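Engineer: got a sequence here, can you build the structure:
(chains A and B)
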Amino acid sequence: MLVATWNINGVKARLDVLLAWLDERQPDIVGLQEIKSVDEAFPRAELEGRGWHVETHGQKGFNGVALLSKTPPTSVERGLPGDTADEQARFIEGLWEFDGRELRFGCLYLPNGNPLGTEKFPYKLAWMERLERHAASRLRDEVPFILAGDYNVIPQPEDVRNPSAWTGDALYQPESRGAYRRLLNLGLTDALRATTDAAKTYTFWDYQAGAWPKDNGIRIDHVLLSPEAVSSLRSVAIDKHVRGWEKPSDHVPVVVDLDPAALR
DNA sequence: ATGACGAGCGTGGCTCGA
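Structural biologist: This is a model prediction of the structure:
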């Protein structure tokens, strides 16, 4: 079975590439980020007409996350726990059952945090602390758990073409990378790094300054697996070719193949 | 290299992203 994450950068502007990619890939569960749409404006009918189940957690103008799946989730929760005053739509989580085995999939759009020196960076770090607490809680459930999305964190130097260009950026700060490392230290596995130590496994290329033709990318879209899910890991793919399509998102899908019979 | 790209909102030029 295939589970995937994709920062779509506007679902209405990206409907054609989303449908083309879904046709090509046929994933079982997809987490979308930056849908930039309220729930009522999400192109639900176009997706449901092709058999997809749709769960949204939208917001006007920016942010917003969604879950698409071939079979409906048995339950869905919206919003990251831990701060009722946080109104930004950045987290949605669903529970599925496959042949009697449960699988929980959390889809996140972690705050960017730029520019440094503004309230945005402490908001990012506070959000990561909440995410760590939530992940620890889910891990205690021992239900196979996937935490996938746009983390807005470059974990290591090999995850960026030009590390020195990012030293002043929130995505590459020691605090951001440390918080990502703490997630892994809880017992989550970065699916891509469990399968390869290759460099240039980027998931984002800026629209500006010819970043895509120059392969000036960064790896910031990650799929983290709980111990109960990592035992089912077959392979990971970064669908890089999608970045070359007409009207692409600046991010590409990350797709993880799991053996459902090995979920425990 | 980042005023350079792109989406949303809403009709001109902001905000936001990474």
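
Engineer: which other residues reach stretch A:160-177?
Structural biologist: The contact list for stretch A:160-177 (CB atoms under 8 Å, 6 or more residues apart in numbering) reads A:112-116, A:120-121, A:124-125, A:128, A:152-157, A:200, A:202, A:215-220. Using the backbone N, CA and C atoms, a C-beta is placed for each residue, glycine as well.

Engineer: please check the residues you listed and keep the buried ones.
Structural biologist: Listed as buried from the contacts of stretch A:160-177 are A:112-114, A:121, A:124-125, A:128, A:152-156, A:202, A:216-220; burial here means 16 or more other CB atoms under 10 Å.

Engineer: which of the contacts of stretch A:160-177 come close to DNA strand B?
Structural biologist: Among the contacts of stretch A:160-177, the ones lying near DNA strand B by CB under 7 Å from any atom of the strand are A:Asn112, A:Asn114, A:Pro115, A:Lys120, A:Asn152, A:Ile218, A:Ile220.

Engineer: dump those residues into a markdown table; add pLDDT and secondary structure as well.
Structural biologist: Shown next, in a markdown table, are these (pLDDT from 0 to 100; DSSP: H, G, I helix; E, B strand; the rest coil):
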| residue | pLDDT | secondary structure |
| --- | --- | --- |
| A:Asn112 | 96 | coil |
| A:Asn114 | 95 | coil |
| A:Pro115 | 94 | coil |
| A:Lys120 | 95 | helix |
| A:Asn152 | 98 | coil |
| A:Ile218 | 97 | strand |
| A:Ile220 | 98 | coil |
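
Engineer: what's the closest of these to A:Ile29?
Structural biologist: A:Ile220 (20.3 Å; CB to CB).

Engineer: so that closest one sits against A:Gly149, correct?
Structural biologist: No - at 9.7 Å, A:Ile220 does not count as touching A:Gly149 under the criterion of CB atoms under 8 Å.

Engineer: how many neighbours does the closest residue to DNA strand B within chain A have?
Structural biologist: Per CB to the nearest atom of the strand, A:Gly10 is where chain A lies closest to DNA strand B, at 2.8 Å. For A:Gly10, the count of nearby residues is 16 (other CB atoms under 10 Å).

Engineer: could you look up the SS state of it?
Structural biologist: Here A:Gly10 is recorded as coil under DSSP: H, G, I helix; E, B strand; the rest coil.

Engineer: now it: how far from A:Val3?
Structural biologist: 22 Å (CB to CB, to the nearest Å).

Engineer: A:Arg138 now?
Structural biologist: In terms of CB to CB, A:Arg138 sits 16 Å off from A:Val3.

Engineer: more crowded one of these two?
Structural biologist: Taking neighbours as other CB under 10 Å, A:Arg138 and A:Val3 compare with A:Val3 leading, 24 against 19.

Engineer: report the beta-bridge partner residues of that one.
Structural biologist: On the basis of DSSP bridges, A:Val3 is bridged to A:Ile29, A:Val256.

Engineer: if we can go back for a sec, the residue of chain A closest to DNA strand B is in contact with A:Ile35, isn't it?
Structural biologist: Yes - in this structure, A:Gly10 is within contact of A:Ile35 by CB under 8 Å, at 7.3 Å.

Engineer: touching both of these two, which residues are there?
Structural biologist: Between them, A:Gly10 and A:Ile35 share no contacting residue, judged by CB under 8 Å, 6+ apart.

Engineer: A:Leu108 reaches A:Ala89, doesn't it?
Structural biologist: No - assessed by CB under 8 Å, A:Leu108 is found out of contact with A:Ala89, at 10.9 Å.

Engineer: show me what from the stretch 101-250 of chain A comes close to DNA strand B.
Structural biologist: So the stretch 101-250 of chain A meets DNA strand B at A:111-112, A:114-115, A:120, A:150, A:152, A:162, A:165, A:171, A:204, A:206-210, A:218, A:220, A:247, A:250 (CB under 7 Å from any atom of the strand).
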